[in-house]
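Undergrad: Sharing a sequence plus its predicted fold:
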There are 2 protein chains.
Amino acid sequence: MSVRAGILVTGTEVLSGYVTDRNGPWLSERLADLGVEVEEITVVGDRPEDLEGALSHMRDWGLDLIVTSGGLGPTADDLTAEVVGRFAGRELVLDTEMEEKIGQIIARFARRLRFDPEAVREANRKQAMVPAGATALDPAGTAPGLVVPANGQVVIVLPGPPRELQEMWPRALETPAAKGVLDRAEPFQTMSIRMFGIPESELAKALREIEDDGAALDQLEVTTCLRGSELVTDVRHRPGSEDAAEALRAGLEERLGRFTYTETGESIEEVVFRLLGDRTIAVAESESGGLLAGRLTLRPGSSKWFSGGVVAYSNESKSNLLGVDPGLIEDRGAVSPEVAEAMADGTLERFGTDVSCAITGVAGPGGGTAEKPVGYVCFCAKSAAGEALARDPILPGSRNDVRERSVVVALHLVRYLLEGREPPR
Amino acid sequence: MSVRAGILVTGTEVLSGYVTDRNGPWLSERLADLGVEVEEITVVGDRPEDLEGALSHMRDWGLDLIVTSGGLGPTADDLTAEVVGRFAGRELVLDTEMEEKIGQIIARFARRLRFDPEAVREANRKQAMVPAGATALDPAGTAPGLVVPANGQVVIVLPGPPRELQEMWPRALETPAAKGVLDRAEPFQTMSIRMFGIPESELAKALREIEDDGAALDQLEVTTCLRGSELVTDVRHRPGSEDAAEALRAGLEERLGRFTYTETGESIEEVVFRLLGDRTIAVAESESGGLLAGRLTLRPGSSKWFSGGVVAYSNESKSNLLGVDPGLIEDRGAVSPEVAEAMADGTLERFGTDVSCAITGVAGPGGGTAEKPVGYVCFCAKSAAGEALARDPILPGSRNDVRERSVVVALHLVRYLLEGREPPR
C-alpha cells in the first residue's frame, strides 16, 4: 500500500540560502528506503503563519505523514512544537521528566563552559513543552523531538542540526504512532546506472528505443539526471516489476554499456578503490585545491588505498614538493600536459604509491588566455609500472563547477587506467 | 512595498535526495538582494500533478512571483513548460525562432560528438514549445527559459543545471513581466555578525537582554544559526530601522564581542586572508583530507596567500613529504599534539611560507581509543617567526562533521595566531 509523506524544513537561515539544507535529502532517502512516497520537501522561515500554511497544504494534499526539521532550539524564533501542537489541536504542557533530562545534559556542558545557569534553565523549560498526547523523543543534542498524531495524519518533529536529527530518527520510528503509518508502506526496489562521457539527449533516445522495443517502462519510476559530468539513471519500482527493470537495464547495457561505470550505485571513488585492489594511490592537485583528496577520503577506510596528496598551488610548491623542473613550468606553463605528467611522476616518487593522478588547470574566473582559457584542465593518471593516460579538456561552468568537474574527470581517468583501456570517444 | 515570492524546484533526483538542490538557496539570495520576501522553497518530483499542486498552493498563498527550476530538459520527465502553461491558461506553441537557436547550439555539439541527429532534433522541438504570450529566454545550455504571466502572478521558469540557471537569471529580470513585479520591491538592509566558540543559549540570553534594554528588535528580522562551529546572527530590515539594528550590533559587541570575528559577513577564510596581508600560508592535513586546502582555494585570487598543502594521510607521507620523525609518530601516535606541531614545522619548511597550520585527528567512525576517541583532533598553527598556538579538542558528530568542523577550528586558530592572542575560554 502507498504511504505518502511530506518533509517540512523550517529555518530562515535555510530559506535565505545562508545554510544548505541537508535534512530534506537525508529524510527523503530514509523514507524511500521504508517504501514511503515522498511528495514534496518544503522549506519555510521561522514565522508561525508560514509554518502553519505549509502544514495545512500538506494536510489538504492528503499526505499520511509529515516530517519537520528545525525550530526546536532555545531562541525565540524556534516555534515548531507550538505551531505543530496548534495544528494538531493539542495544548502544550510542560513535560517535567523531559525538563529534568535536558537539565542534566545542559548542566555538564554549562558547568564546563561557565555560562549563565539562569539563561540555560529558561532555555530548558521552553524546550520541554510538549503537545498533550504526543510522544516526546529523547534529545540527541538538547532539544527533544516529538511524534504528534494530528487528525489522521502523523507529524514527526525533529531538530534542525543534521547530527541530532539523524541520531533521533530511529527513536521516532519506534513510536506506536509512526509505526502505525509506516507499517502500511511496501518497500521499493531500486537500481542506479551511472554513465560518464555522454550527453543526456543520447540517454533520452536510448530510453525511447527501449520502450518502443516493448519494455514496460510505465511500471518503473525512472529518473535521469546529469550530476556534474556523470549521467545517472535511477530506477525505482514495486515488487512485481522486475522484468521491466531488467529489460531497461539490458537495453541500456546494449546501447550505452561502454559509457556505464556502475549498475550497482557505487560512487566513482568506490569503483576506483575496488579496481585498485591491493594497490595504493596518491594525488597532486593545483586548481582543484584539495577537493580530489577530499573526495578520496570521504568514506571511512580509504586509508587502505589513499596515501595522500599534494596541493601544489604555487609554482614553487610544484617544484619543492613534487620535484617538477622549474624550467619545464617556465617553458610550458604551470597548466600544461607536460607539467601534469611531471606532477604525476613526482607524486609516484614522493608517496611511493602504485598509481598517481595529477590535475592542473585554470579554474577562473581570471587567469585565462586565448590558448589556455578558463576551464582548460590538464590531467595525467600514471602507474608505477609506466602506464599513463592524459587528457586536457576545456570544462564548462563557474570556478566551482570547473573544480568539482575536475575531480570527477580525474577519477574516471584513473578508472580507465586501472581498466587498461582508453576512454571511449 | 512588499513583494512575496515562492521558489519551486522540480526534479525527482532532488526530491529523492540523490542530488543536493543548489538552485533554491541561490535564487533565495538573489531575490532577497532585490528586496523580495521569499516565503517558501518547495521541491517536488517530475509528476505533473505534484507540480500543479505546488503551483496552486503558491497561488492560494497569494504570492506575487513564482520561480521554478528544472524540468526543461529533453527527456519525457521534463514537463515544467507544459504544466506552467496549463497553470497560466496558455496553450503551448512551437517557437520556430527558438527551435532554430537550439538547433544551432546542439548542432555544433552533436557533430563534434557524432551523436544521432534525429534524436537531437526531436529533443530540440520539445524544448522549443512555449506557452502563448510568454517570453522565451535564450538558452544558457540548450533549454530556453520562460517568463509567464499567470492571472496576476508571474512565473519565471528556469532550467535545472545551476550554471544554466545562474546565467539565465539576469535575462529573466530584464523582461517587462518580471520588471513589473520586481520594481515594486524595496531592498532590505542586512548585517551578519559571526561568532566562534560559544553555545546558542548564550546568544539567546544576550538577545533577550538587548530587547529588555529597549532595543526595538521587533523592527528587525533576526535569524540566529549554528553553522558548523560558528554562530551566525543574520539581521535584515527595511530602511528606517537603522537605530534598532545599531542597538543590536552594539549590544552584542558589548556582551559577546570577544567571540565575534566579523560584523560584515566576511567568511573566516576571508578574515584570515585579510589578517595575512602580505604573508603566505600553507597547510598540512591528515583526517580532514584536503578540505582545509579546498576551503582556502574556494575564492578566486587565493593564490596570493595560499601556497599549497600536503594531505599526509599515511604515516609514511607525514615523514616523506613533511619530514616528521617516524620515531615521534611511533612514540606519540600519528594523532598527537607533538605530531601536529612537527607537521606544522615541516609545512613551513617545505613551502617556505610565513604561516602554517596542521591538522591530525580521528575522524571515525573506526580508529578511536579510550585515550584518543573518535573526534579527537590535534591542531597547530605556527608562524615562521616562531609564534605557535595548539589545541586538541574532541569534536562532536559524524565523520563528515568532524572533518568539516576541523577546517573551521583550524581557520580560527590561524586567526587567533595572526591576531596575536589566545582564544577566549
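TA: Yep, it's here.

Undergrad: Apart from its neighbours in sequence, what residue is nearest the residue in the stretch 51-200 of chain A that chain B sits nearest to?
TA: The stretch 51-200 of chain A approaches chain B most closely through residue A:119 (3.5 Å), counting by CB to the nearest CB. The way it works is simple: take the backbone N, C-alpha and C, and place the C-beta from them, glycine included. Leaving aside its chain neighbours, residue A:119 sits nearest to residue B:205 (3.5 Å; criterion: CB to CB, 6 or more residues apart in numbering or on different chains).

Undergrad: mind checking pLDDT for that neighbour?
TA: Predicted confidence (pLDDT) for residue B:205: 90.

Undergrad: Repeat that for residue A:389.
TA: So, for residue A:389, pLDDT stands at 98.

Undergrad: repeat for residue A:369
TA: Note on residue A:369: pLDDT of 95.

Undergrad: Residues of the stretch 251-400 of chain A that sit close to chain B?
TA: By CB under 8 Å from any CB of the partner chain, the part of the stretch 251-400 of chain A that sits against chain B consists of A:282, A:285, A:289-294, A:296-298, A:300-303, A:306-314, A:316-317, A:320-321, A:350-352, A:363-366, A:396-400.

Undergrad: Filter these down to the ones in strands?
TA: For those, the ones inside strands are A:282, A:285, A:306-312, with DSSP state E as the criterion.

Undergrad: Count the neighbours of the residue nearest to residue A:119 for me.
TA: 21 (other CB atoms under 10 Å in any protein chain shown).

Undergrad: Mark which of the residues of the stretch 251-400 of chain A next to chain B are buried, thanks.
TA: Applying a neighbour-count criterion of 16 or more other CB atoms under 10 Å in any protein chain shown, the buried members of those are A:282, A:285, A:289-294, A:296-298, A:302-303, A:306-314, A:316-317, A:320-321, A:350-351, A:363-364, A:397-400.

Undergrad: Figure out how far the strand or helix carrying residue A:203 is from the centre of its chain.
TA: Per DSSP states H and E, residue A:203 falls inside helix A:200-212. Relative to its parent chain, helix A:200-212 has a centroid offset of 27 Å by CA atoms, centre = their mean, to the nearest Å.

Undergrad: Tell me which residues touch residue A:305, please.
TA: Residue A:305 makes contact with A:272-273, A:276, A:279-281, A:296, according to CB atoms under 8 Å, 6 or more residues apart in numbering or on different chains.

Undergrad: Can you report phi and psi for it?
TA: Backbone geometry at residue A:305, expressed as degrees, to the nearest 10, gives phi -110, psi -40.

Undergrad: tell me what the helix or strand hosting the residue of the stretch 51-200 of chain A closest to chain B is packed against?
TA: Assessed by DSSP H and E, residue A:119 sits inside helix A:117-127. The contact analysis (3 or more CB pairs under 8 Å, 6 or more residues apart in numbering or on different chains; DSSP states H and E) places helix A:117-127 against helix A:96-113, helix B:200-212.

Undergrad: now the angle from the shortest one to helix A:117-127?
TA: What that stands for is helix B:200-212. Here helix B:200-212 runs at an angle of 100 degrees relative to helix A:117-127 (axes from the mean of the first three to the mean of the last three CA atoms, to 10 degrees).

Undergrad: Helix B:200-212 - contacts with which helices or strands?
TA: In terms of contacts (3+ CB pairs under 8 Å, 6+ apart), helix B:200-212 is packed against helix A:117-127, strand B:221-227, strand B:230-237, helix B:242-256.
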